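**Student:** Coordinates for the following, if possible.
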Amino acid sequence: MSAALHSSRPLLTLRSSWSVRVTACSMPLRAKITNPAFLAKAQMATAASTDPDDVLFEVNRAARIVRLNRPRKLNALNESMITKMTPRITEWGKSDAAKLLIIRGEGGKALCAGGDVAALLEVPPTKSSAFFTYEYTLDYILATYPKPIVTFMDGITMGGGAGLCMHTPFRIATEKTVFAMPETLIGFYPDVGASFFLSRLDGELGTYLAVTGERLTGFDAYIAGAATHFVPSEKLKDLESRLAELDAVEDLTGSRKYNAVINNAIDDFQSDVPADYEFFYGGDKRKTIDACFKFETLEEITDALTEAAGAGDEFARTTLDTMDLRCPLSMKVALAAVRKGNTIDILETFKNDMFIASKFMNEPDFYTGVSYRVVQKQNGRAKWKDASNVDVAKYWPAGNEIPPALQTTFDKLHKLGADRPADAVAYQEYPFQNGLPTEKEVERFVLGEAKDSGPFLATKEEVTQHFLVEYRGKVGVREKVSEILDRKTKIVRGHEDDKLINWV
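**Tutor:** This next block holds a predicted model:
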């Protein structure tokens, strides 16, 4: 979840001759009655909750399209939108006619700027906790959806908006993308399953993003792995039409072959690497991130950054300044969540999030942070509670008493996937890898541990060529692999002439 921003950009609705526009208020009875019991109406008493068109649904050949439609609020997510999306998306998941799902935002400025946190200040903690239950249930449904999902991260994609896309197999960044989980700035923590996603980014980059709430923009979101593709914003309409035409493919929905068909179709719309591109978090910055954010406690991270800053590391110094504005409790919970996120499955992740969110709704820091940042729009440091002696273990369900209502929700979450294989609803690694090579892949190849690498040394160019071939010349492969090799390899002694490298 993230603080909602505001926009006065007029509504933009894309149409095509093959599209059938369906507004939220025309939802069929069947879709309504399949709404999970735990999504029963619990009105948030906000004006936006009564808008019948805050989400638009379309059928375009094989594609089913969800358009978030609150452009003046940068499509900030509220209960009204969630209670429309959940039954419709669930219904489409069961439909033989629906081959893939596309999620995008209207207005040209955002997919979704996050949850509408300002509205949560107006209701008691039990209502706020209920909102998170609804939101995380939707995110879990998307994370385990039986059909391919393509999300357009065109503009601001933060917090709750990131939750709608980060667990989907196809995440399209554009030059307008701003991706972040900025919750530590408002006294919350990176929720919506982010601990699972961020902990699987290269090195300690995900830890850094979780703790600091910093952003990935444009092509950086693609290189970092937050997005699987980079497509210019102006091409998204044509891409949407192309994806809708994929119903001509034999019925392979959910299979790896169909995944490859979609992946290749999106690749056809990718643009060249931006001129003079350099990954913002590459090189020395990334070395600082990995060296300083590898620890298990916030105090150790702070000490490491302080030492690096004292030695003249400007990035370490600015990172300390950034962290000084963040909520100490939020950063500690964020760090613990990322560490746990790398060891548990996706179902356990969302159960943890539901429990943690319910705890935060009874913490003053959340109300302090949202009021200070979102309502008052202040830019300084909020009056956070001292968290030096906090026991973060109390924020996880393991070893703690689970309220009966929350246990009921856990049970219903399990039932959502009761008729599907465990590796589809409780996986420990994402089923599909459609983005650029990961650092672990490059490391295995350089060390000769990959099945096609062998026990021979290679040059940087030979390693790069291998991945260019394996990824079919995908845009950005050379830039990402080269950045990794420059930072993580060195020429083997005695091989200065032939430039053979090894991992360091």
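**Student:** residue ranges of the helices in the stretch 101-250 of the chain, please?
**Tutor:** With helices called from DSSP state H, counting those that start in this stretch, the stretch 101-250 of the chain shows them at 117-120, 125-143, 160-165, 194-198, 205-212, 218-224, 236-244.
**Student:** Among those helices, which comes closest to residue 79?
**Tutor:** helix 125-143 (5.6 Å; CB to CB). Every C-beta, even on glycine, is put in place using the N, C-alpha and C of the backbone.
**Student:** Run through who's touching that closest one.
**Tutor:** Under the criterion CB atoms under 8 Å, 6 or more residues apart in numbering, residues 1, 36, 38-39, 42, 44, 77, 79, 82-83, 85-86, 89-90, 93, 115, 120, 149, 160, 163-164, 167-168, 191-193, 346-347, 350, 353-354, 357-358, 361-362, 406, 409, 413, 416 lie in contact with helix 125-143.
**Student:** For it, buried residues please.
**Tutor:** Judged by neighbour count (16 or more other CB atoms under 10 Å), helix 125-143 contains these buried residues: 125, 127-143.
**Student:** cool, stretch 439-455 as well?
**Tutor:** Going by 16+ other CB under 10 Å, stretch 439-455 has these buried residues: 439, 441, 442, 443, 445, 446.
**Student:** Quick one: residues contacting the residue nearest the centre of the chain.
**Tutor:** In the chain, the residue lying closest to the centroid (CA atoms, centre = their mean) is residue 166, at 2.9 Å. Listed by CB under 8 Å, 6+ apart, the contact set of residue 166 reads 192, 193, 194, 197, 226.
**Student:** What is the neighbour count of the last one?
**Tutor:** Residues contacting residue 226 under the criterion other CB atoms under 10 Å number 28.
**Student:** Pull the contacting residues for it.
**Tutor:** Taking CB under 8 Å, 6+ apart, one finds 153, 166, 171, 173, 179, 201, 216 in contact with residue 226.
**Student:** Apart from its chain neighbours, what residue comes closest to residue 436?
**Tutor:** Nearest-residue entry for residue 436: residue 480, 4.8 Å, with adjacent residues in sequence omitted and distances by CB to CB, 6 or more residues apart in numbering.
**Student:** Counting neighbours, which of the contacts of residue 166 comes out on top?
**Tutor:** Neighbour tally across the contacts of residue 166 (other CB under 10 Å): the maximum, 35 neighbours, falls on residue 192.
**Student:** Distance check, it against residue 417.
**Tutor:** Distance from residue 192 to residue 417, counting by CB to CB, to the nearest Å: 18 Å.
**Student:** Residue 287 now?
**Tutor:** Per CB to CB, residue 287 is found 41 Å from residue 417.
**Student:** And residue 304, by the same measure?
**Tutor:** Here residue 304 is placed at a distance of 40 Å from residue 417 (CB to CB).
**Student:** Show the low-confidence segments of the chain, by residue range.
**Tutor:** Counting by pLDDT under 70, the chain has low-confidence residues at 1-50, 247-254.
**Student:** all strands for the stretch 51-200 of the chain, in order.
**Tutor:** Applying DSSP state E, counting those that start in this stretch to the stretch 51-200 of the chain gives strands spanning 55-60, 63-68, 100-105, 110-112, 149-153, 156-158, 170-173, 178-180.
**Student:** Paired strands for the first one, with orientation please.
**Tutor:** Using DSSP bridges, the neighbouring strands of strand 55-60 in the sheet come out as strand 19-23 (antiparallel), strand 63-68 (antiparallel).
**Student:** Just the buried ones out of the contacts of helix 125-143, please.
**Tutor:** Buried by 16+ other CB under 10 Å: 1, 36, 38-39, 44, 77, 79, 82-83, 85-86, 89-90, 93, 115, 120, 149, 160, 163-164, 167-168, 191-193, 346-347, 350, 353-354, 357-358, 361, 406, 409, 413, 416, out of the contacts of helix 125-143.
**Student:** Quick one: mark the members of those that sit in helices.
**Tutor:** In this view, these that belong to helices under DSSP state H are 79, 82-83, 85-86, 89-90, 93, 120, 160, 163-164, 346-347, 350, 353-354, 357-358, 406, 409, 413, 416.
**Student:** which residues sit against stretch 294-314?
**Tutor:** Stretch 294-314 is contacted by residues 204, 207, 211, 284, 288, 291-293, 316-317, 319-320, 323, 328, 331-332, 335, 339 when judged by CB under 8 Å, 6+ apart.
**Student:** need the contact list for residue 287.
**Tutor:** By CB under 8 Å, 6+ apart, residue 287 lies in contact with residue 487.
**Student:** And residue 153, by the same measure?
**Tutor:** Neighbours of residue 153 in contact, by CB under 8 Å, 6+ apart: 111, 165, 171, 172, 173, 174, 177, 179, 221, 226, 227.
**Student:** again, 7 Å this time
**Tutor:** 111, 165, 171, 172, 173, 174, 177, 179, 221, 227 (CB atoms under 7 Å, 6 or more residues apart in numbering).
**Student:** All the helices of the stretch 301-450 of the chain, in order from the start?
**Tutor:** In the stretch 301-450 of the chain, the segments counted as helices under DSSP H, counting those that start in this stretch are 314-325, 328-341, 346-360, 364-370, 404-416, 422-425, 439-446.
**Student:** got the CA coordinates for the last one in PDB?
**Tutor:** Included here for helix 439-446 are C-alpha records, laid out as PDB according to Å, rounded to 0.1, in the frame of the first residue of the first chain:
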ATOM      1  CA  GLU A 439      22.600 -12.400 -11.300                       C
ATOM      2  CA  LYS A 440      22.400 -16.000 -10.000                       C
ATOM      3  CA  GLU A 441      22.100 -17.300 -13.500                       C
ATOM      4  CA  VAL A 442      25.200 -15.400 -14.600                       C
ATOM      5  CA  GLU A 443      27.100 -16.600 -11.600                       C
ATOM      6  CA  ARG A 444      26.200 -20.200 -12.200                       C
ATOM      7  CA  PHE A 445      27.300 -20.000 -15.800                       C
ATOM      8  CA  VAL A 446      30.600 -18.300 -15.000                       C
END
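**Student:** gap between the two ends of stretch 388-395?
**Tutor:** Start-to-end span of stretch 388-395 (CA to CA, to the nearest Å) is 15 Å.
**Student:** Buried residues, it. List them.
**Tutor:** Buried, per 16+ other CB under 10 Å, within stretch 388-395: 392, 395.
**Student:** Now residue 392: closest residue in space, sequence neighbours ignored.
**Tutor:** Among residues not flanking residue 392 along the chain, residue 336 sits closest, at 4.7 Å (CB to CB, 6+ apart).
**Student:** re the thing from before, for the helices of the stretch 301-450 of the chain, could you give me a markdown table that also reports distance to residue 394?
**Tutor:** Output for the helices of the stretch 301-450 of the chain, formatted as a markdown table (distance: least, CB to CB, whole Å):
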| stretch | distance to residue 394 |
| --- | --- |
| helix 314-325 | 23 |
| helix 328-341 | 10 |
| helix 346-360 | 7 |
| helix 364-370 | 14 |
| helix 404-416 | 15 |
| helix 422-425 | 28 |
| helix 439-446 | 33 |
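**Student:** how about the ones you listed, which one is nearest residue 257?
**Tutor:** Closest among these, using CB to CB: helix 422-425, at 17.0 Å.
**Student:** How far does that closest one sit from its chain's centre?
**Tutor:** Here the centre of mass of C-alpha atoms in helix 422-425, compared against the chain's by CA atoms, centre = their mean, to the nearest Å, lies 20 Å away.
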